[in-house]
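>>> Quick check, what structure comes out for this input:
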Amino acid sequence: MNNTFLKRGLAPVSIGIIAATLSYSAITLAEKAKEPWQLAEETEVWEPVPAVISVPANGIPSDAVVLFDGKNLNQWQGAEGGAAKWKIVDGAMVVVPKTGDIKTKESFCDVQLHVEWKTPTLITDDAGKLLDGQARNNSGVFFQERYEVQVLDSFNNKTYPNGQAGSVYKQSIPLVNASRAPGEWQTYDIIFTAPKFDSAQKLTSPGYVTVLHNGVLVQNHFEIQGATEWIGKPAYKAHSCAPIRLQDHGNAMNFRNIWVRKL
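Just a heads-up that it's a prediction; the model follows:
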């Protein structure tokens, strides 16, 4: 041990503090000596480089999977298998009531989905009685055949709020009602994060959904509580990637311009 330090009353620990202070001072001086552009470079990240895609105005991103472009139902099948029995009219996919739900032939996990939909202008039954509530032109978009974002004519139509257009059915009320009048085309842009399960089929991460209805945020990263249920509480049951499903609720709903991006 250096007796000089001991004679001056400096303990060994003081030596370490002095050394650290000198080192810090040297670093500080070195930093001050750097040009601004050199300091800026220290927080620049150059990899990975995002893939380049094309996005035409009001068009479909080049990396999207087109599910319906108004020409055919080749990407769809009946919910129980076999051909999709809905029809195409003026470039729109139209529900044929009582023919059943349809689903994509391909399965998906995390996705960005764009779908446009329109409710019929007819809002009365055969007897001329005004339809209301859930009877007012109903359908739904089901992610992985389990988790529903409600489709409904919610323009001047009172129903339970967690079942109106833009709701995560029976789970989450939309932030606002952004519905357009019957007969007008509406849009959903939805970000869906699939739930995750471990090898023991235990839930490790819940699903999440963000919904823009006609460009307006109505669901903000909502944590999905489980599979959609009409009666009872939602619950999770382990599954893998699965199709997107559109509901036949007995009404002649219209759909068009459907595409999805895998995330």
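>>> Quick one: distance of stretch 96-106 to the chain centre.
Per Cα atoms, centre = their mean, to the nearest Å, the displacement of stretch 96-106 from the mean C-alpha position of its chain is 22 Å.
>>> same deal with stretch 241-249?
15 Å.
>>> Can you give me the buried ones in it?
Buried residues in stretch 241-249, counted by 16 or more other Cβ atoms under 10 Å: 242, 243, 244, 245, 246, 247, 248, 249. In short, each C-beta sits where N, CA and C put it, glycine included.
>>> Pick out the most distant pair among those.
The distance between the two most remote of the buried residues of stretch 241-249 (Cβ to Cβ) is 20.2 Å, for 242 and 249.
>>> if we can go back for a sec, output the buried residues of stretch 241-249 as TSV; include the columns distance to residue 173 and pLDDT.
Putting the buried residues of stretch 241-249 into TSV (distance: Cβ to Cβ, whole Å; pLDDT from 0 to 100) gives the following:
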residue	distance to residue 173	pLDDT
242	26	98
243	27	98
244	23	98
245	23	98
246	22	98
247	20	98
248	25	98
249	20	96
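>>> Distance of residue 245 relative to residue 141?
In this structure, residue 245 and residue 141 are 8 Å apart, going by Cβ to Cβ, to the nearest Å.
>>> Show me the buried residues of stretch 241-249 that map onto strands.
Cross-referencing the buried residues of stretch 241-249 with the strands (criterion: DSSP state E) gives 245, 246 as the overlap.
>>> what about residue 208, neighbour count?
Residues near residue 208, counting by other Cβ atoms under 10 Å, number 17.
>>> Going forward, count from 54.
Right, with 54 as the first residue, what we last looked at is residue 261.
>>> Show me what it bridges to in the sheet.
With DSSP bridges as the criterion, the beta-bridge partners of residue 261 are residue 246, residue 276.
>>> hang on, isn't it packed against residue 246?
Yes: under the contact definition of Cβ atoms under 8 Å, residue 261 touches residue 246, with a separation of 4.2 Å.
>>> pLDDT-wise, which helix or strand of this structure ranks last?
Least confident element among the helices and strands of the chain, by mean pLDDT, DSSP states H and E: helix 56-60 (a mean of 49).
>>> Walk me through the domains of the protein.
The chain breaks down into these domains under automatic domain parsing: 56-94, 118-315.
>>> right, and these - which one's nearest residue 110?
When those are compared by Cβ to Cβ, domain 118-315 sits nearest residue 110, at 14.0 Å.
>>> Straight-line length of the closest one, end to end?
Taking Cα to Cα, to the nearest Å, domain 118-315 runs 8 Å from one end to the other.
>>> Could you do stretch 125-139 as well?
End-to-end distance of stretch 125-139 (Cα to Cα): 10 Å.
>>> And the strands in the stretch 104-253 of the chain, which stretches?
Counting by DSSP state E, counting those that start in this stretch, the stretch 104-253 of the chain has strands at residues 118-121, 129-131, 140-142, 145-147, 155-157, 164-171, 191-196, 200-205, 239-246, 249-250.
>>> Tell me the helices and strands packed up against the fifth one.
So that's strand 155-157. Contact analysis of strand 155-157 by 3 or more Cβ pairs under 8 Å, 6 or more residues apart in numbering; DSSP states H and E lists strand 129-131, strand 298-299 as its packing neighbours.
>>> I'd like to know which of those strands is closest to residue 307.
If we rank the helices and strands packed on strand 155-157 by Cβ to Cβ, the stretch that ends up nearest is strand 298-299, at 11.1 Å.
>>> contacting residues around that closest one?
Residues outside strand 298-299 that contact it (Cβ atoms under 8 Å, 6 or more residues apart in numbering) are 132, 148, 154, 155, 156, 157, 192, 193, 194, 195, 198, 308.
>>> Export the buried residues of stretch 294-302 as a markdown table, with columns for distance to residue 143.
Formatted as a markdown table, the entries for the buried residues of stretch 294-302 read as follows, by distance: Cβ to Cβ, whole Å:
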| residue | distance to residue 143 |
| --- | --- |
| 295 | 31 |
| 296 | 26 |
| 297 | 23 |
| 298 | 24 |
| 299 | 18 |
| 300 | 22 |
| 301 | 20 |
| 302 | 22 |
